[in-house]
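[1] A predicted structure for the sequence below; I have some questions about it.
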Amino acid sequence: MKVNQDANNAQSELIDCNESVAHKLSILVVSGRSGSGKTSVLNILEDLGFYSIDNLPLSLVPEAAQKLVCDSGIKRIALGVDIRTPRADLSNFADIHECLKETYGEEAVTVMYVTAQEETLVARFNATRRIHPLMVLDTKSIENNVDNLPAAIEKEIQMLQPIFKHADIKIDTSMLNIHQLKERLRNYVGVDNQIVINLLSFGFKYGSPIDADFVFDVRILPNPHWNPSLRAATGLDAEVGVFFADYPEVAEMTEDIATFLNRWLPDFLHNNRHTVTVAIGCTGGKHRSVFITKHLQDRLQDSLPEGLTVTAKHREKHRW
């Protein structure tokens, strides 16, 4: 059988190309009913670090998995399959599922089935004014009794039975909003939320950053720019640090901002965010904002909980 031959070839190539990754792989086959939220699931999985492909013909799943693993070294893969795949593919799901397990190991392969109650599906199709795939793709829709939405939904259940029977995870999205769905998926795949805290120094004279979540104005602090010997220096230079050491309000403001951020940034771990931008602004974005941004980075890296990564950028660096 060609599927089994593909499995054997893929397995030997996997061992040849990377013997160490097989036990670390996570291959999710995502399927389910039209309108249940499969695309949202794949998008969320992509946010969680999976390489996602939607609407993949089922017969190409073993080949796609093999190329992603061996050619690209990708270890977290989510492959979306549904009734848009050629009809003959669905009846072969058991063989393709077995192919994946034999090639990559049972622990690496998970089938996720996304569903929703019929009244929910009908309401979603009516709200979006989209047509059920079976009412478009099946040229014999009248003969197959899928010329209306309820009939198409019922027929889809029958067609997806080969996948449903092998599902390791079943998710009913009828009562879930997008944030609850993400939390559910994160629990299923064992991925903790990760957030990047972007600390950004900038100069108000060049405009405020429009993508900032928090903006702190430090123009009230003493400005090294008015010291001729420091004008060419930046907030990253030691001599500017010596200058600020004579002004306790600089340390006090840094401490106040750090206290605020340490208190509130961890709460974003439960807010389905991936990035938070904290902007620190002075007049020109060269001394005060740069100095405080660097010191905040050092402070927050040591004090924020796991899952929050701190980076620092200086928007006006090209002007220095």
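    Happy to help now that I have it. Residues are numbered from 1 along each chain as shown.

[2] CA only for contacts and neighbour counts going forward, please
    Will do.

[3] Check the offset of stretch 309-318 from the chain's centre.
    On the basis of CA atoms, centre = their mean, to the nearest Å, the separation between the geometric centre of stretch 309-318 and that of its chain is 23 Å.

[4] List of residues touching it?
    Here stretch 309-318 makes contact (CA atoms under 8 Å, 6 or more residues apart in numbering) with 194-203, 284-286, 290, 293-294, 297, 300-301.

[5] residue ranges of the helices in this structure, please?
    Using DSSP state H, the helices assigned to the chain run over residues 2-17, 38-47, 61-66, 87-91, 93-104, 118-128, 133-137, 149-159, 161-164, 178-189, 238-245, 248-264, 288-303.

[6] Low-confidence bits of the stretch 151-300 of the chain, can you list those?
    Along the stretch 151-300 of the chain, segments meeting pLDDT under 70 span 192, 272.

[7] Turn the helices of the chain into a markdown table, columns for mean neighbour count.
    Output for the helices of the chain, formatted as a markdown table (neighbours: other CA atoms under 10 Å):
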| stretch | mean neighbour count |
| --- | --- |
| helix 2-17 | 16 |
| helix 38-47 | 20 |
| helix 61-66 | 19 |
| helix 87-91 | 15 |
| helix 93-104 | 20 |
| helix 118-128 | 14 |
| helix 133-137 | 16 |
| helix 149-159 | 16 |
| helix 161-164 | 18 |
| helix 178-189 | 15 |
| helix 238-245 | 15 |
| helix 248-264 | 14 |
| helix 288-303 | 20 |
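
[8] now these in CSV, with distance to Thr275?
    Listed next are these as CSV, based on distance: least, CA to CA, whole Å:
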stretch, distance to Thr275
helix 2-17, 35
helix 38-47, 11
helix 61-66, 30
helix 87-91, 39
helix 93-104, 33
helix 118-128, 30
helix 133-137, 36
helix 149-159, 38
helix 161-164, 36
helix 178-189, 16
helix 238-245, 29
helix 248-264, 14
helix 288-303, 15
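
[9] Indicate which one of those helices is closest to Trp320.
    Nearest of the helices of the chain to Trp320, taken as CA to CA: helix 288-303 at 11.4 Å.

[10] so how far is that closest one from its chain's centroid?
    For helix 288-303, the distance to the chain centre is 27 Å (CA atoms, centre = their mean).

[11] do the same with stretch 59-75
    With CA atoms, centre = their mean, you get 20 Å for stretch 59-75.
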